[in-house]
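Colleague: curious how this folds, go ahead:
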Amino acid sequence: MMKNLKLLILLWFILISWFLSGCWNNSQSNEWNNTENIDSQNDKVIDYNDSIIKIAYKCHESATITRDSYDAKAEVKQIETNTENTISQCQNSIEQINNIWDREWDASLKDGIISLLNLYVTYFTKFNKMVSYLENENYPKEDIESYEEIVKEIKDMDDEIEVANNNFINIQESFARNHWFELENIE
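Modeller: Numbering: from 1, shown residues only. Next up is the predicted model:
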């Protein structure tokens, strides 16, 4: 009977050890899977952010080309072409970003960049009107006043775009915090 009791205790000890070992390994495996899952989620959020920024950057690049051609006093026709390309590229960027799904029901990043891009479209639409005045220097007084009004609106929009850009940066930082990833600071 004593042998059976020792054997039974030994079996119970082995079963309990085996059970506890299995639970411990399972929890370790779950921790590893959870870490892997969190990393995977972070990668998806970062990819989401990067894809939106990459699409929006095409608008910014086109705008830079337009501004550079204007600053370099390129031919009016070239500036107009660049401006029309910028408007088209920005509208295309808006459309592409609009077609991206919200991230976990959070549209803040998309809405913020679309708001900024819409300002670019409005800005370059006004800019294009201003460029049309560059072909002729002898305008009647009314046309000169119209030109000056457009220039004033464009300068005001420069400030508005700067504010919208700063707002977008804040939205992007908030989005990053809400989805637990850190933005890289590129300067």
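Colleague: for the rest of this, base every contact and every neighbour count on C-alpha atoms.
Modeller: Fine.
Colleague: how many neighbouring residues does Gln172 have?
Modeller: Gln172 has 19 neighbours, counted by other Cα atoms under 10 Å.
Colleague: wait, it touches Leu109, no?
Modeller: Yes. Between Gln172 and Leu109 there is a contact under Cα atoms under 8 Å: 6.0 Å.
Colleague: Arg103 is in contact with Val45, isn't it?
Modeller: Yes. Between Arg103 and Val45 there is a contact under Cα under 8 Å: 7.5 Å.
Colleague: compare these two and say which is more crowded by neighbours.
Modeller: Val45 (19 against 16).
Colleague: out of the helices and strands in the chain, which is least certain?
Modeller: Between all helices and strands in the chain, the lowest mean by mean pLDDT, DSSP states H and E belongs to helix 2-71, at a mean of 65.
Colleague: show me the contacts for Lys126.
Modeller: Ile150, Glu153, Ile154 (Cα atoms under 8 Å, 6 or more residues apart in numbering).
Colleague: secondary structure and distance to His179 added to these, as CSV?
Modeller: Shown next, in CSV, are the contacts of Lys126 (DSSP: H, G, I helix; E, B strand; the rest coil; distance: Cα to Cα, whole Å):
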residue, secondary structure, distance to His179
Ile150, helix, 42
Glu153, helix, 38
Ile154, helix, 36
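Colleague: between those residues, which sits nearest Leu117?
Modeller: Within these, the smallest distance to Leu117 is 15.2 Å, found for Ile154 (Cα to Cα).
Colleague: tell me who's in contact with Val151.
Modeller: Val151 makes contact with Phe127, Met130, according to Cα under 8 Å, 6+ apart.
Colleague: how close does it sit to Ile144?
Modeller: To Ile144, Val151 is 10 Å away according to Cα to Cα, to the nearest Å.
Colleague: quick one on the thing from earlier: in PyMOL, how would I select the buried members of the contacts of Lys126?
Modeller: In PyMOL syntax, the buried subset of the contacts of Lys126 is picked out as below (16 or more other Cα atoms under 10 Å):
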select buried, resi 150+154
